[in-house]
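In: My questions concern the predicted model and sequence given below.
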Amino acid sequence: MPEPPTAEPPFPAGRLPRVAVDIDLEHVARLARLALTDEEKARFGPQLEVILEHARTVGEVAADDVRPTSHPVPRANVYRSDELRPGLTHEEALANAPDPFGGRFRVPRIVEDE
Amino acid sequence: MTGVANGGALCDRPAHELAAALRDGETTAAEIFESTLRRIDETDGDVKAYLRVTADEGRAQAAAVDARYRDGEKLPAVAGIPIALKDLFCTKGIRTTAGSKILESYVPPYDCTPWARLSAAGALLAGKTNCDEFAMGSSNENSAFGPVHNPWRLDAVPGGSSGGSAAAVACGEAVWALGSDTGGSVRQPAALCGVVGLKPTYGRISRYGLIAFASSLDHVGTFARSVRDTATLLSAIAGHDPMDATSLPDPPRDYTEGLDAGVDDLRVGVVEDWLSMEGTEPGVRDAFRAGLDALERLGAKVVPVKLPHADYALSAYYLIAPAEASSNLARYDGVRYGLREDGATSVTEMNTRTRGAGFGDEVKRRIILGTYALSAGYYDAYYGQAQKVRTLVIRDFEQAFAEADVIAAPTSPTTAFRIGERADDPLAMYLSDVFTIPADLAGIPAISVPCGLDAGGLPVGFQLMGKLLDEPTVLRSANALEQELAFTGRPPQVAEG
């Protein structure tokens, strides 16, 4: 399988950029599937820079030998027994769908023509 | 009208008194529920705590409880008591919006576990309360359905994100309520509204059916007007749930036991740095000091402790929470439920336009922040580093708890601020949570108890944090503080009414 294309890291892994925070709003909004108006972009840009400027201080204290914590109370391999039990009915599962069709969720076309 | 001691409206009585009156046949669940509905009718036009009042459902539940009583059944402690649920808790057949336009018409096909347990025990649903959209906020101003007004001063915020639940309990529109606490969203509004707010240990209460914000930080929490009622409500909903893989297997207990054991054997740690922190209001500092004095009078030993990495906790939180939110909120794509924007020619365009139309400003900011912090090239420097800071915060607490049994701090650096005051300054808003975030990062239990009023007559919250799963010590120290301070303040309009 080919490697997915990755952006060139702007700085060595785990180290903060020395330059001021520069966020490419268009790119990030596209990754997040989020339509932003021009007004929103103009407003969010400076706000996000202030927040990130504050947030980047996390790089000042965490040394290489500190392990990351993903959950405050670690639990691993949580299984439950494989028992049959009632789930949602077909009707219940579709009840909130914006466009149910023939017992399924209908969406606009996924495959492009070109 | 009823035999409940001291008169006053039933909806203002503590849950344990109401439960006793029900058991003794002095009142009925129907009377208690009608009293709550009357209060909602009187005050919620101003306060706007509720998005939906479930009068029909609650009346039917009350009739069922009264029938159980007539059949001679011994009623559980929560039976017949009206409760409000933050609109982040899924309720079967009852619209649940998360304060968002994207879920405005969502009707869950199942109940969240906390409500399933309460409902089975005979609790009465008063309604679904307003909150910041997807629990993102500290003022309730981020709701798509308008702000909640603090019952103590209507032009001030109730705090957030569980602002509606806190305000409802403060003015008797519910006897108690549930909220969720990811960065302080139960304790901070509890402080700003003058009620008791508890965030138990991470995993102590099941989150099955709680709409997800940041999964490594989300906690279910409680609002009540006393520590005893808080313990009763926690006892009814705590415990393992096979439907939530993060719920803890440790057996639940009766948290009302040992509440009156006092504090003369306890060391109370104080983070002195926090009191001198810029932005902590003098009125908050004074009321907090008075609370510490009260604990000392009761025989507790006050000791200084240090949490040296707490300064970085806020930064870590505002990377971890948005990162997890950006992933959790990917599910709102216009396909299976929620809003869909029509007219798109491809599914990607439909997803993008739906999310652009359905989410509000703060949610969009955090999705962008989180997506950015997780994106290629930035992950290690932001998300990875933030997770390491989380480790340092946890180590700080472990060291501090070698010196102290509980750690005390103000809940919030300020009392309730004016609606609109911080709306255009997200970072200033984030600073509201500076004292509550560390306990979320560490997953430890923490409670906010009212400890007085500032010069402007607004309530101040006193926070007590404990070791993992040490809710009993947190609750008994909070109970001792509450008894000693005898804070009986109620919002002016309720006190006068």
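Out: Perfect, I can see it now. Quick caveat: nothing in here was measured; it's all calculated off a predicted structure.

In: Would you mind measuring from the closest residue to chain A within the stretch 251-400 of chain B to residue B:324?
Out: Taking C-beta to the nearest C-beta as the measure, the stretch 251-400 of chain B has residue B:356 as its residue closest to chain A, at 2.8 Å. (C-beta placed from N, C-alpha, C; glycine too.) To residue B:324, residue B:356 is 21 Å away according to C-beta to C-beta, to the nearest Å.

In: Of the two, give the one with the bigger neighbour count.
Out: residue B:324 (23 against 17; other C-beta atoms under 10 Å in any protein chain shown).

In: Touching, that one and residue B:182? I think so.
Out: No: counting by C-beta atoms under 8 Å, residue B:324 sits too far from residue B:182 to count as a contact (9.2 Å).

In: and the spatially closest residue to residue B:299 that is not a sequence neighbour, what is it in contact with?
Out: Of all residues not flanking residue B:299 in the chain, residue B:264 sits nearest, at 2.9 Å (C-beta to C-beta, 6 or more residues apart in numbering or on different chains). Taking C-beta atoms under 8 Å, 6 or more residues apart in numbering or on different chains, we find residue B:264 in contact with B:298, B:299, B:300.

In: Same list, those residues, but as TSV with secondary structure and pLDDT please.
Out: Listed next are those as TSV, based on DSSP: H, G, I helix; E, B strand; the rest coil; pLDDT from 0 to 100:
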residue	secondary structure	pLDDT
B:298	coil	98
B:299	coil	98
B:300	coil	98
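
In: Neighbour-wise, give me the winner out of the residues you listed.
Out: The most crowded member of the contacts of residue B:264 is residue B:300, carrying 24 neighbours; neighbours defined as other C-beta under 10 Å.

In: Flag every residue of the stretch 1-150 of chain B that's near chain A.
Out: Residues of the stretch 1-150 of chain B lying near chain A by C-beta under 8 Å from any C-beta of the partner chain: B:105, B:106, B:107, B:109, B:110.

In: The third one is in contact with residue B:90, isn't it?
Out: Think residue B:107. No: counting by C-beta under 8 Å, residue B:107 sits too far from residue B:90 to count as a contact (9.5 Å).

In: okay, the two: which has more neighbours?
Out: residue B:90 (23 against 16).

In: Can I take it that residue B:241 is in a strand?
Out: No: per DSSP: H, G, I helix; E, B strand; the rest coil, residue B:241 lies outside any strand segment and is coil.

In: Against residue B:113, how distant is it?
Out: 5 Å.

In: what touches both of those two?
Out: B:206, B:208.

In: Let's see if you can find the most crowded of the residues of the stretch 1-150 of chain B next to chain A.
Out: residue B:106 leads those on contacts (other C-beta under 10 Å) with 20 neighbours.

In: hmm, back to that, excluding its backbone neighbours, what's nearest the residue of the stretch 251-400 of chain B closest to chain A?
Out: Residue nearest to residue B:356 in three dimensions, not counting chain neighbours: residue A:35, with 2.8 Å by C-beta to C-beta, 6+ apart.

In: Which strands or helices does the helix or strand where residue B:21 lies pack on?
Out: Following DSSP states H and E, one finds residue B:21 within helix B:15-23. Judged by 3 or more C-beta pairs under 8 Å, 6 or more residues apart in numbering or on different chains; DSSP states H and E, helix B:15-23 is in contact with helix B:29-47, helix B:227-237.

In: orientation of it relative to helix B:29-47 in degrees?
Out: 150 degrees (axes from the mean of the first three to the mean of the last three C-alpha atoms, to 10 degrees).

In: where do the strands sit along chain A?
Out: With DSSP state E, the ranges of strands along chain A come out as A:100-101, A:104-105.

In: Any part of the first one near chain B?
Out: To tie it back to what came earlier, the one meant is strand A:100-101. No: judged by C-beta under 8 Å from any C-beta, strand A:100-101 stays clear of chain B, getting no closer than 9.6 Å.

In: Quick check: end-to-end length of stretch B:266-274?
Out: One end of stretch B:266-274 to the other measures 21 Å (C-alpha to C-alpha, to the nearest Å).

In: again with stretch B:92-107
Out: 7 Å.

In: Show me what counts as buried in that stretch.
Out: B:92, B:94-103, B:106-107 (16 or more other C-beta atoms under 10 Å in any protein chain shown).

In: go on, stretch B:203-217?
Out: For stretch B:203-217, using 16+ other C-beta under 10 Å, the buried residues are B:203-214, B:216-217.

In: what residues are up against residue B:437?
Out: Residue B:437 touches B:183, B:184, B:313, B:314, B:317, counting by C-beta under 8 Å, 6+ apart.

In: Could you point out which of those residues is nearest to residue B:273?
Out: Distance to residue B:273, by C-beta to C-beta, is smallest for residue B:313 among those, at 12.5 Å.

In: right, and the closest one touches residue B:441 too?
Out: Yes: counting by C-beta under 8 Å, residue B:441 is a contact partner of residue B:313 at 5.7 Å.

In: Please report the distance of residue B:411 from residue A:90.
Out: From residue B:411 to residue A:90 the distance is 47 Å (C-beta to C-beta).

In: the more surrounded of the two?
Out: residue B:411 (29 against 10).

In: Near residue B:315, how many other residues are there?
Out: 26.

In: Contact partners for it?
Out: A:54, A:55, A:56, A:57, A:58, B:386, B:389.

In: Try it again at 6 Å.
Out: The neighbours of residue B:315, taking C-beta atoms under 6 Å, 6 or more residues apart in numbering or on different chains as the test, are A:54, A:55, A:57, A:58.

In: Next: residue A:78.
Out: Contact analysis of residue A:78 by C-beta under 6 Å, 6+ apart lists residue B:245.
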